[in-house]
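S.K.: What shape does this take:
(chains A and B, ligands or ions: 3)
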Amino acid sequence: MRFRIYRYDPDQDREPYMQDFELAETPSGMMLRDALLALKAQDETLSFRHSCGEGVCGSDGMNINGRNGLACITPLAELKEPVEVRPFPGVPVIRDLIVDMQGFYKQYRSVKPYLIRYDPEPEVETLQSPDERDRLDGLYECILCGCCTTSCPSFWWNPDKFLGPAALLQAWRFLTDSRDQAENDRLEALDGPYRLFRCHTVMNCVDVCPKSLNPTRAIGHIRDLMLKKSI
Amino acid sequence: MSQSISGLRAWIFQRITAIYLAVFVPIALGYLLFFPVTSYQSWIELLSSSWVNTSLLLFVFAILLHGWIGIRDVVIDYVQPFPARMMLLVLVGLGLIVCGVWAARILFNVKGVV
Ligand code: SF4
Ligand code: SF4
Ligand code: FES
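M.R.: Numbers count the residues shown, from 1 in each chain, chains lettered A, B, ... in the order given. Ligands and ions are numbered 1, 2, ... in the order given. I've put the predicted structure just below:
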């Protein structure tokens, strides 16, 4: 099977280039991550992040044949040859397929992704009804892989000001949590022309999420809640 | 202006004006199709009805506001250098205001003519 892989080592290369690879054996069920590991055995300078190998840690996000995804759960059988593998678009490349995710994490941190309570600490746990717990489904499963945010055109244009789909999904996850008490502060922090309202409902984020989450819907929920509060 | 209608408010205005445009434009076009206006005099008569006059004024206001928000969105997305962005927005804003004042003058003058 043929591969074309983005290579760039800022210490040595003047600019990025695509390197051709060939893999003789691709047993059925082989995932792209396995293939990359086999290719790394051919050329040990090939660099990429990976860890769990089963779509849980979110560290091997990359652009595969033009689409963001996790290499470890992308079967080779589904890919057209030559398989073009590039780093995430719109973020700085550190080396080969490894990108700098600092901006992504900064936006995530800025939505205060933790429960905020103003009441005094209770003696016992703060309980939730099953319905309240259900509202978190489709939100808490995010593994922060960054596939969505780095495929969002609005994030490419304004990465420092637009929060991006992953951070906004988490913003909604805490807004809709019955135990959180900072609704007004959270909403206020999301208003303005950039942080949320750069989203033009392009839905790239929904298209690529390896966990089948729907950031666009979450963004819509936030907007509706803002609207309700402002009337 | 870009500060005063930011975020949520811009988004709401965009939807409201869109609804008005979507209702007004077909009605206006349909009307003109069935009752073609042929002369200057009949234009004046049509426009001097306060219904027509007011709804047209609202239309002008809606389309200018809608246009402003849309163009501002595009500029914020694609024009990154701050001075260029500011200049473009000021130019577009001034242009839209001039259009608005001009249209409003016409509509108010018609009332005076009759
Ligand atoms: S729906 Fe919004 S957040 Fe998702 S890709 Fe489109 S612009 Fe980005
Ligand atoms: S929403 Fe999906 S694509 Fe985005 S970071 Fe979370 S898991 Fe990854
Ligand atoms: S290696 Fe952990 S998600 Fe792919």
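
S.K.: Spell out which residues of chain B are next to chain A.
M.R.: Applying CB under 8 Å from any CB of the partner chain, we find that chain B lies next to chain A at B:2, B:6-8, B:10-12, B:72-73, B:76-78, B:80. Every residue, glycine included, has its C-beta placed from N, CA and C.

S.K.: Mind doing that once more with 10 Å?
M.R.: Residues of chain B lying close to chain A (CB under 10 Å from any CB of the partner chain) are B:2-3, B:5-12, B:14-15, B:69, B:72-74, B:76-80.

S.K.: which residue packs closest to the residue of chain B found nearest ligand 3, ignoring adjacent ones?
M.R.: As assessed by CB to the nearest ligand atom, ligand 3 sits closest to B:D77 within chain B, at 30.9 Å. Setting aside the residues directly before and after it, B:D77 is nearest to A:W157 in space (CB to CB, 6 or more residues apart in numbering or on different chains), at 4.7 Å.

S.K.: After the strand or helix carrying A:K106, which helix or strand is next?
M.R.: When elements are assigned from DSSP states H and E, A:K106 belongs to helix A:102-110. Next along the chain after helix A:102-110, taking DSSP H and E as the criterion, comes helix A:130-134.

S.K.: same question for that next one, mean pLDDT?
M.R.: For helix A:130-134, the mean pLDDT works out to 97.

S.K.: what does stretch B:17-37 give?
M.R.: 93.

S.K.: Just name whatever secondary elements the biggest helix by length in chain B is in contact with.
M.R.: Longest helix of chain B, by residue count under DSSP state H: helix B:82-113. When contacts are defined as 3 or more CB pairs under 10 Å, 6 or more residues apart in numbering or on different chains; DSSP states H and E, helix B:82-113 sits against helix B:40-48, helix B:50-78.

S.K.: Pull out the buried positions in the shortest one.
M.R.: Within helix B:40-48, the residues that qualify as buried by neighbour count (16 or more other CB atoms under 10 Å in any protein chain shown) are B:46-47.

S.K.: now that helix against helix B:82-113, angle please.
M.R.: Helix B:40-48 runs at 100 degrees relative to helix B:82-113, counting by axes from the mean of the first three to the mean of the last three CA atoms, to 10 degrees.

S.K.: thinking again about what came up before, if you average pLDDT over each of the helices and strands packed on helix B:82-113, which is lowest?
M.R.: Among these, helix B:40-48 scores lowest, at a mean of 88.

S.K.: Spit out the contact partners of A:L139.
M.R.: A:169-177, A:213-215, A:217-218, A:221 (CB atoms under 10 Å, 6 or more residues apart in numbering or on different chains).

S.K.: Recalculate using a threshold of 6 Å.
M.R.: A:R173 (CB atoms under 6 Å, 6 or more residues apart in numbering or on different chains).

S.K.: B:V79 now?
M.R.: Counted by CB under 6 Å, 6+ apart, B:V79 has contacts B:85, B:88.

S.K.: and A:G69, which of the three is it?
M.R.: At A:G69 the chain is in strand, as set by DSSP: H, G, I helix; E, B strand; the rest coil.

S.K.: Would you map the helices across chain A?
M.R.: So, for chain A - with DSSP H - the helices run A:32-42, A:102-110, A:130-134, A:153-157, A:165-175, A:183-190, A:204-208, A:215-230.
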